[in-house]
Structures are given as C-alpha cells and as structure tokens.
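Peer 1: Sequence and predicted model, in that order:
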Amino acid sequence: MKKSSLFSFSALAAAAALALTGCAAETTPPSETATGSSTEETVEATAGRACVILPDADSGTRWEPGDRPALEKALTAAGYEADIQNAQSDTAKYATIGDQQLTKGCGVMLLVDYQGAGVSVAEKAKAQGVPVIAYDRPIAGADYYLSFDNEVVGAMQGQMIIDGLEAAGKDVTTASIIYSSGDPADGNAAMFLNGALSVLEAAGASPAFTMEGTWDGTKAGTLFEQAFTAVSGSVDAVLAPNDNNAASIIAILDKNGLTVPVSGQDASIAGLQNVLLGKQYGTVYKPFTIQAEAGAAMAITILSGEVPETNKTLADGTPFLALDPISVSAEQVKDVVANGDASVEELCTADVAAACEQYGIN
Ligand code: BGC
C-alpha cells in the first residue's frame, strides 16, 4: 500500500520558500524606493496601488478566504495599497471593476481570469502602460503568468487515483474511473487534466466515463449523477479537479453507500476533512501565502524596471513563474495545520475528531 505523496512535503515547502527569498531579495519595495530615490515621482504617482480582481466567491473555497487575506498582507507588506475586488462570477462586473480600478490608477494589476474577462482588462491596462500579472489563471496578453505548476497539480491528482486504487486492491487497468475536470474557460483546467492524463495513461488507466468540465460545485454534482447512471453505479475512482467539485461528488457517492478514491485540490477545510475521513484520497496544497508573496515580489521587480524570475513559458510565449504544489494525503494534513493554513478548531469537528486523533492533529 502506497501512502506517500509524490514529493516530500517539507522539501517542497523549503524549495518554494528559498525560491521566493531569492526573488524578493533582488527587489526593492515601492515604499523604500520612494524615499529619496531618483525614481521617486514615478513610484509615488503610479506604483503605489496594486489592483487585483478575483473571479468569484464560490467556485472553490479559496479566493475570498484564502487569496484575499494573503494578497492583502503580501502587497501591503511590500508597500502597496491593495485594491482587491471580486467579480462574483460575472464577466460584465469584471469589466466594470477593471475600468474603475484603471480610472483610479493602478501601478500594477494582478488579474485572476474569469471566463476570459481578464483579456480585455489586461489590454486596457497595457494600453495605459500598467503591467499585468495573470495571477493563478493564464490570460492572453498578460506580461507574466504566476501560478502553481498546473501540470504537476494534475499529475498529483492522477497519482492519487492510482495510489487509491492500489490501496483498495483494485487493478488500475480495469478499474471503472470517472474523469472530471474544471471549467474549460479557465486555461488551468486543460493543464490540470493533461497532467492527470499523463500519469493515468502511463499506468494503463482509461476513463469509464468523462464528465463535462465545470468549476460549479452544484453542476459537478448533477453531472456526476448522470455519470453514475451512465456506468450503472459501477465506480472505482473519480478524478475530481478540486475539493469543491469533489465535495459534491462525494455527497452522491455517500448517498449510494460508496467510498472510493477521489482526488482534489486546494487543501480547503472541507477537502481536508474528507481526506481525514477517507472519503477523498488526497488534495493538492498550494499555499496562498507563497503565491501572494511571489505576486508581490514579481510586481516590485517589474516596477523597478527589472525582469522578474520565471521558470517556464506558456504556449503563447507568456513567461511563467511556476511554484511547486504539494500533494497531501491523510498523513500530511497535520503539515497544513502546522503551516497555519488550517486550524484544529476548523478541521476537528465532532464527526472528524476521531480521524484528527488518528492522524496526530490535536
Ligand atoms: C485554481 C484552483 C481552483 C479553481 C476553481 C483554478 O484556476 O487554480 O485552485 O480550485 O480554479 O476556482
């Protein structure tokens, strides 16, 4: 039985931290640059505000509870005034927020795309000379893309399915696996799926049914019900793209008295609880703090007129700083707690308390 994650948790966290220290050390926060430097005026006039647009408040459990406070903290610590807005799953609202922010003035924009709405905001920003960082999701025309390595995230999810099936004594090559994915309008979804497929195909797995992609948890539940019927209730594992979709899928598996390996992403409280309860094989942990600090460091570097560090390039040529995600199964949940991204109080509710004890979370 293979329980370990793809990579060692602490090694990855340390590597990510080191990489970030490297970035940050070369840059000067706008507040410092502003004191007595020759670039004083430019920095004060344009660089002080970092404008951020988040996509929604419900597709994952991350944008409001995770990214907003992390970005607020990292950008403020870097000397910016942070203007963080949420498009609330509305492309028209996304455009309006973009216009309002640009009218008020932005030194830099960090945009999380929502169904392609980021493209025209990025165009307008660039027409005004405002640099654009595509934050987490790719945006055509952005100057830089900053995210966790989405292909690796997907590979970790594929590995969860294989490890889970092996742990259950099932043959991966004949197992009935339902494949699901994220909203195809989010450029990340294809990267997650490609990463997962690379691992699943190499292990000889194939889909019993492939669901339409979505980030809408309710819709994921409906689509899974249809998939469940299509395979006559014969399900050995479910490739799910994030914790939010996994939760809806698990609710239906529960209703049908089934517990099978399900993958996830985001290390959300609900996801971690499902992992502890053995209802989800694992989740992919992408610490918001690391991403937000990398975003702030990248913004500072760009505004200092330097070229920020990147380590990949997207197919359209956008330079990409890919951070290292962390695969978390039940044994590693305590590391997420130790890192401050989940608390015992939140996780260890009455029904999860025994599992918390079992996995040393107390
Ligand atoms: C993010 C995931 C998130 C999903 C739904 C993706 O672009 O990378 O972390 O779960 O969107 O919001």
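Peer 2: Thanks, I have it. Numbering: from 1, shown residues only.
Peer 1: Any regions of the chain where pLDDT drops low?
Peer 2: For the chain, the stretches flagged by pLDDT under 70 are 1-47.
Peer 1: which residue sits closest to the closest residue to the ligand within the stretch 251-362 of the chain, ignoring its sequence neighbours?
Peer 2: As assessed by Cβ to the nearest ligand atom, the ligand sits closest to D266 within the stretch 251-362 of the chain, at 4.8 Å. Every residue, glycine included, has its C-beta placed from N, CA and C. Nearest residue to D266, sequence neighbours excluded (Cβ to Cβ, 6 or more residues apart in numbering): D243, at 4.7 Å.
Peer 1: Provide a list of residues in contact with that neighbour.
Peer 2: Contacts of D243 were listed using Cβ atoms under 8 Å, 6 or more residues apart in numbering, and they are G60, T61, G264, Q265, D266, A267, S268, A270, G271, N274, Q280, T283.
Peer 1: L347 too?
Peer 2: By Cβ under 8 Å, 6+ apart, the contact list for L347 reads I269, L272, Q273, L276, V333, V337, C356, I361.
Peer 1: List only those of those flagged as buried.
Peer 2: Among these, those that count as buried by neighbour count (16 or more other Cβ atoms under 10 Å) are I269, L272, Q273, L276, V333, V337, C356, I361.
Peer 1: ok, the fifth one to A202 distance?
Peer 2: In this case it means V333. As defined by Cβ to Cβ, to the nearest Å, V333 lies at a distance of 27 Å from A202.
Peer 1: And the third one, by the same measure?
Peer 2: Shown here: Q273 relative to A202, a distance of 31 Å by Cβ to Cβ.
Peer 1: Same question for A247.
Peer 2: Counting by Cβ to Cβ - A247 and A202 are separated by 28 Å.
Peer 1: cool, and N150?
Peer 2: Distance, N150 to A202, by Cβ to Cβ: 18 Å.
Peer 1: The stretch 201-350 of the chain against the ligand: which residues are in contact?
Peer 2: Selection of the stretch 201-350 of the chain residues close to the ligand by Cβ under 6 Å from any ligand atom yields W215, N242, Q265, D266.
Peer 1: The residue of the stretch 1-150 of the chain found nearest the ligand: what's it in contact with?
Peer 2: Nearest residue of the stretch 1-150 of the chain to the ligand, counting by Cβ to the nearest ligand atom: G60, 3.2 Å away. For G60, the contact set (Cβ under 8 Å, 6+ apart) comprises W215, N242, D243, N244, D266, S268.
Peer 1: how far away is the fourth one from K255?
Peer 2: Okay, so that is N244. 18 Å.
Peer 1: neighbours of the closest residue in space to S268 that isn't next to it in sequence, just the number please.
Peer 2: Sequence neighbours aside, T61 is the residue nearest to S268 in space, at 3.7 Å (criterion: Cβ to Cβ, 6+ apart). T61 is flanked by 20 other residues according to other Cβ atoms under 10 Å.
Peer 1: secondary structure element for T61?
Peer 2: Taking DSSP states H and E as the definition, T61 sits outside all helices and strands.
Peer 1: Touching, it and Q273? I think so.
Peer 2: No: in this structure T61 lies outside contact range of Q273 using Cβ atoms under 8 Å: 11.4 Å.
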